[in-house]
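K.L.:
Provided below for reference: sequence and predicted model.
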Amino acid sequence: MEAPDATIAMVERKRFDLALVEAAARAGAGVRDATPVTDIDEGPSGVSVRTETGRYQADCVVIADG
């Protein structure tokens, strides 16, 4: 493949993911690592996420599984 004018950036996924989680936590996000989700409900008051350890309510939820 040739792309002489292309700008390419690469990151190490493990370090990049950790940096994103740490930045989100510093900004006030609640982080629940290694917590299996058993149910998700979206309604007018936001998103409700049920896990094996409890239920969480939020305006916005990011579930990352990679």
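P.N.:
Noted; the coordinates are in hand.
K.L.:
For my notes, confirm residue 65 occurs in a strand.
P.N.:
No. Counting by DSSP: H, G, I helix; E, B strand; the rest coil, one finds residue 65 to be coil, located in no strand.
K.L.:
show me what contacts the closest residue to residue 30 other than its chain neighbours?
P.N.:
Nearest residue to residue 30, sequence neighbours excluded (CB to CB, 6 or more residues apart in numbering): residue 56, at 7.2 Å. Every C-beta, even on glycine, is put in place using the N, C-alpha and C of the backbone. If you count contacts by CB atoms under 8 Å, 6 or more residues apart in numbering, residue 56 has them with 30, 32, 48-50.
K.L.:
Would you map the helices across this protein?
P.N.:
Under the criterion DSSP state H, the chain contains helices at 13-26.
K.L.:
Strands of that one, start to end?
P.N.:
Listed in chain order, the strands of the chain (DSSP state E) span 37-43, 46-51, 54-58.
K.L.:
Identify the farthest-apart pair in the contacts of residue 56.
P.N.:
30 and 50 (14.8 Å; CB to CB).
K.L.:
and residue 40, what does it touch?
P.N.:
Neighbouring residues of residue 40 by CB under 8 Å, 6+ apart: 47-50, 61, 63.
K.L.:
so where's the protein uncertain?
P.N.:
For the chain, residues meeting the criterion pLDDT under 70 lie at 66.
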